[in-house]
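Undergrad: Return atomic coordinates for the entry below.
(chains A, B, C and D)
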There are 2 protein chains.
Amino acid sequence: MSLPHPTTDQISLPIVLAVLGDPTRLAIVRYLASKEGVPLNCSKFLDLASKTNLSYHLAKLREAGVTRSEAVGTSRLITLRRDDLDKRFPGLLDSVIAAAEGDKALPPVGVSEVEVSA
Amino acid sequence: MSLPHPTTDQISLPIVLAVLGDPTRLAIVRYLASKEGVPLNCSKFLDLASKTNLSYHLAKLREAGVTRSEAVGTSRLITLRRDDLDKRFPGLLDSVIAAAEGDKALPPVGVSEVEVSA
DNA sequence: TCCTTAGTTCAAAGGTTATTGAACAATTGG
DNA sequence: CCAATTGTTCAATAACCTTTGAACTAAGGA
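TA: Numbering: from 1, shown residues only, chains lettered A, B, ... in the order given. Okay, here's the model as predicted:
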């Protein structure tokens, strides 16, 4: 780790909800959830916002305790803090993600991606 | 009814989350949920904000589709749109309310109240 | 060492949100 | 009709949020 993260019991519900209430950040979280276990770096999200703007939104998510950012070389590896969120607010993350699937006004999850052939 | 409300499928997840992300509105929703079935008028929430400010927050909740406001005489009867929310985003409202119970940084639900003796 | 890559920080602009008091409208009871 | 009760609307303010480009730092490869 390296950047400041709240501890599990410092995570605040209103702040989490407000943070997830932004469409760009909700899209980031949905994408992280769809790739759970795989740490992603910021460049994976460039379809969602500019580099500068991503930095801003990823900081918000981190400060709210929704994601974890680990500095590795020149990259940041971003992961969902699912365990902590589930411990603190059981069922919340899952129902938000399920709700996002059910909201047809939202763009489909995932980012345009080039799969490298095996 | 009387005031504009979104239809069930017009309810937007990001907007609902953002609206619930405000502590005053979250407190209103928690109180409504604790008194489910009982329509409350605005004066029940005067512990949470000033009259003017309540008008603002209750309008936000109504416009987001979280509550229903019905004009009755000089009052507005406010109810949670639980059926619609459950249909649109199953489990979401319950996990938010449960999460609020689990967040010790939030004030306890409910408003100071004088019970009329039977 | 020099260049590229990955991301952050800064300052500024523009927009939205929350809160307030004063004034307003509408219903109801005397 | 008059007055009280309920709640809304308006204008103003202060705070906060989002987005941007330019400048920056730090690590890694040639």
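Undergrad: gap between the closest residue to A:Ser12 other than its chain neighbours and B:Val16?
TA: Take A:Ser12 and drop its neighbours on the chain: the residue closest to it by CB to CB, 6 or more residues apart in numbering or on different chains is B:Ala105, 5.8 Å away. Backbone N, C-alpha and C define where each C-beta goes, glycine included. B:Ala105 is 21 Å from B:Val16, where distance means CB to CB, to the nearest Å.
Undergrad: Check which helices and strands the biggest helix by length in chain A sits against.
TA: As assigned by DSSP state H, the longest helix anywhere in chain A is helix A:51-64. If you count contacts as 3 or more CB pairs under 8 Å, 6 or more residues apart in numbering or on different chains; DSSP states H and E, helix A:51-64 packs onto helix A:13-20, helix A:23-34, strand A:67-72.
Undergrad: tell me which parts of chain A are close to chain B?
TA: A:12-23, A:26, A:88-92, A:94-96, A:98-100, A:102-103, A:105-106 (CB under 8 Å from any CB of the partner chain).
Undergrad: One more pass at 6 Å, please.
TA: A:12-14, A:17-18, A:20-21, A:23, A:26, A:89, A:91-92, A:95, A:99-100, A:103, A:105 (CB under 6 Å from any CB of the partner chain).
Undergrad: Show the buried residues in those residues.
TA: By neighbour count, with 16 or more other CB atoms under 10 Å in any protein chain shown, these hold A:12-14, A:17-18, A:20-21, A:23, A:26, A:89, A:91-92, A:95, A:99-100, A:103 as buried.
Undergrad: Relative to A:Ser34, which of the residues you listed is nearest.
TA: A:Ala100 (10.5 Å; CB to CB).
Undergrad: Where does that closest one sit, in terms of helix or strand?
TA: Assigned by DSSP states H and E, A:Ala100 falls within helix A:92-102.
Undergrad: and that helix, what other elements does it pack with?
TA: helix B:92-102 (3 or more CB pairs under 6 Å, 6 or more residues apart in numbering or on different chains; DSSP states H and E).
Undergrad: Swap in 10 Å and give it another go.
TA: In terms of contacts (3 or more CB pairs under 10 Å, 6 or more residues apart in numbering or on different chains; DSSP states H and E), helix A:92-102 is packed against helix A:13-20, helix A:23-34, helix A:82-88, helix B:13-20, helix B:82-88, helix B:92-102.
Undergrad: So which residues make contact with the fifth one?
TA: If I follow you right, that is helix B:82-88. Helix B:82-88 is contacted from outside by A:99, A:102-103, B:5-13, B:16, B:32-33, B:36-37, B:65-68, B:81, B:91-94, B:96, using CB atoms under 10 Å, 6 or more residues apart in numbering or on different chains.
Undergrad: Restricting the selection to alpha carbons, write that helix to PDB.
TA: Extracted C-alpha coordinates of helix B:82-88, given in PDB (Å, rounded to 0.1, in the frame of the first residue of the first chain):
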ATOM      1  CA  ARG B  82     -40.700   0.700  -1.000                       C
ATOM      2  CA  ASP B  83     -42.700  -1.400  -3.500                       C
ATOM      3  CA  ASP B  84     -41.400   0.600  -6.400                       C
ATOM      4  CA  LEU B  85     -37.800   0.600  -5.100                       C
ATOM      5  CA  ASP B  86     -37.900  -3.100  -4.400                       C
ATOM      6  CA  LYS B  87     -39.200  -3.800  -7.800                       C
ATOM      7  CA  ARG B  88     -36.600  -1.700  -9.500                       C
END
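Undergrad: Go ahead and produce PDB holding the CA coordinates of stretch A:34-49.
TA: The C-alpha trace of stretch A:34-49 is given here as PDB (Å, rounded to 0.1, in the frame of the first residue of the first chain):
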ATOM      1  CA  SER A  34     -16.600  -7.700 -13.000                       C
ATOM      2  CA  LYS A  35     -12.800  -8.400 -12.900                       C
ATOM      3  CA  GLU A  36     -12.700  -9.300  -9.200                       C
ATOM      4  CA  GLY A  37      -9.400 -10.600  -8.000                       C
ATOM      5  CA  VAL A  38      -7.500  -9.000 -10.900                       C
ATOM      6  CA  PRO A  39      -5.800  -5.800  -9.800                       C
ATOM      7  CA  LEU A  40      -6.200  -3.200 -12.600                       C
ATOM      8  CA  ASN A  41      -4.200  -0.100 -13.300                       C
ATOM      9  CA  CYS A  42      -5.600   3.300 -14.100                       C
ATOM     10  CA  SER A  43      -5.100   3.000 -17.800                       C
ATOM     11  CA  LYS A  44      -7.800   0.300 -17.800                       C
ATOM     12  CA  PHE A  45     -10.400   3.000 -17.100                       C
ATOM     13  CA  LEU A  46      -9.300   5.500 -19.800                       C
ATOM     14  CA  ASP A  47     -12.600   4.900 -21.700                       C
ATOM     15  CA  LEU A  48     -14.500   6.300 -18.700                       C
ATOM     16  CA  ALA A  49     -12.700   9.600 -18.200                       C
END
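Undergrad: No further queries at this time; thank you.
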